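> show me how the following folds:
(one chain, ligands or ions: 2)
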Amino acid sequence: MCLLGGYMYNETDYKPFIELKNVSFSYGTKPILQDISLSIPQGKLVAIMGGSGCGKTTLLRLLSGQVKPQSGSVWVDGCEVNRLSDRDLLALRRRLGMLFQFGALFTDLNVFENVAFPLREHTQLPEAMIRDLVLMKLQAVGLRGTANLMPSQLSGGMSRRVALARAIALDPALMLYDEPFTGLDPIALGTIAVLIRRLNDALKTTAVMVTHDVHVSLNILDYVYFIAEGRIVAQGTPHEVRVSTDPFVRQFVQGEADGPVRLHYPAADYAAELGLKQ
Ligand SMILES: Nc1ncnc2c1ncn2[C@@H]1O[C@H](COP(=O)(O)OP(=O)(O)O)[C@@H](O)[C@H]1O
Ligand SMILES: [Mg+2]
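Ligands and ions are numbered 1, 2, ... in the order given. Next up, the predicted model:
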């Protein structure tokens, strides 16, 4: 049975909120993710890290049911996403909040209307209640004072925070963050990172964050999965990641140019290609 109505697992029948079981996915004949299994308990903030193009965004699209795996299964809150009817998928998506790379706001709507948008779209709440909810979400990201400003009047960091307020407008059970720190200066980045953690704790949201920003995210995460060449190559708590001797994790954490993930794309022997070798 599909339990979309905010079913609470008790401790004896604990199930992960998110589970990928042996998931493989390819675009056409190009394999992207291979035999991925992971599970995320309710209320946790977990990151998927890996180089660009390794399939992180694709993994989020599997969770929201935008793409289906060729094999394996994706489970969110007790539902197998790839088997949901259109109606149930819509119901699931309504419980999802997403903050994407450039978290674009509607430029012709003011801050208040941007945050009100999902409430107007998905609920029939009276205006007074929408107003209270919008102000509450803006207060949560420290920007209640900007309600009447237009997006063009905000800094990059403020825009991202408004996008975050909009993403949590419907109190999502699951938040998906795709590179939420991209393009922010270090201070704005630190602010949004702390907000993401605080909101997760306050709203008891389960969150999956895709990022390559190891240092900031290790401060706020519960757990990390590292993906390379479509597979999970390492995983652990932030502490385990920091002290890990795994060469892949070291390369990632220390930002080394070369390591298990090669600097050079596979190529024919260089000398041979230059005609220096018979
Ligand atoms: N719609 C698509 N059709 C074909 N290939 C795609 C599509 N979307 C992404 N890809 C390819 O799949 C790979 C993984 O993409 P993506 O999940 O966006 O990576 P990441 O988010 O880790 O940078 C990349 O090589 C990308 O070019
Ligand atoms: Mg991506």
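> now the closest residue to ligand 1 within the stretch 151-278 of the chain, which residues is it bridged with?
Taking Cβ to the nearest ligand atom, ligand 1 has its nearest neighbour within the stretch 151-278 of the chain at Val210, 6.4 Å off. Placement of C-beta: from N, CA and C, glycine included. Counting by DSSP bridges, Val210 is bridged to Ile48, Asp178.
> looking at it, it is touching Glu179, isn't it?
Yes: using Cβ atoms under 8 Å, Val210 makes contact with Glu179 at a distance of 6.1 Å.
> which non-adjacent residue is nearest Val224?
Among residues not flanking Val224 along the chain, Ala47 sits closest, at 4.8 Å (Cβ to Cβ, 6 or more residues apart in numbering).
> what's near enough to touch that neighbour?
Val208, Met209, Val210, Thr211, Ser217, Leu221, Tyr223, Val224, Tyr225 (Cβ atoms under 8 Å, 6 or more residues apart in numbering).
> can we see that at 10 Å?
56, 177, 207-214, 217-218, 220-226, 238, 241 (Cβ atoms under 10 Å, 6 or more residues apart in numbering).
> state the helix or strand in which Gln42 lies.
Assigning secondary structure by DSSP states H and E places Gln42 outside every helix and strand.
> that one contacts Leu203, correct?
No: with contact defined as Cβ atoms under 10 Å, Gln42 and Leu203 do not form a contacting pair (11.8 Å).
> out of Val210 and Glu179, which sits in the busier spot?
Val210 (24 against 19; other Cβ atoms under 10 Å).
> list the contacts of that one.
Contacts of Val210 (Cβ under 10 Å, 6+ apart): 47-50, 54-60, 100-101, 176-180, 217, 227.
> do Ile187 as well
So Ile187 contacts Gly157 (Cβ under 10 Å, 6+ apart).
> ok, what's across the strand from Gly97?
Residues in beta-bridge contact with Gly97 (DSSP bridges): Met175.
> which of the residues in stretch 53-63 are buried?
Buried positions in stretch 53-63, judged by neighbour count with 16 or more other Cβ atoms under 10 Å: Cys54, Gly55, Lys56, Thr57, Thr58, Leu59, Leu60, Arg61, Leu62, Leu63.
> so which of those sit within helices?
The helices, defined by DSSP state H, take in Lys56, Thr57, Thr58, Leu59, Leu60, Arg61, Leu62, Leu63 from those.
> filter these by proximity to ligand 1?
Lys56, Thr57, Thr58 (Cβ under 6 Å from any ligand atom).
> how about the residues of the stretch 1-150 of the chain by ligand 1?
Residues of the stretch 1-150 of the chain that fall close to ligand 1, judged by Cβ under 6 Å from any ligand atom: Tyr27, Ile32, Gly50, Ser52, Gly53, Cys54, Gly55, Lys56, Thr57, Thr58.
> can you list those in a markdown table and add pLDDT and distance to Ala167?
Shown next, in a markdown table, are those (pLDDT from 0 to 100; distance: Cβ to Cβ, whole Å):
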| residue | pLDDT | distance to Ala167 |
| --- | --- | --- |
| Tyr27 | 94 | 26 |
| Ile32 | 95 | 25 |
| Gly50 | 89 | 23 |
| Ser52 | 85 | 23 |
| Gly53 | 88 | 25 |
| Cys54 | 90 | 24 |
| Gly55 | 93 | 23 |
| Lys56 | 94 | 18 |
| Thr57 | 93 | 16 |
| Thr58 | 95 | 20 |
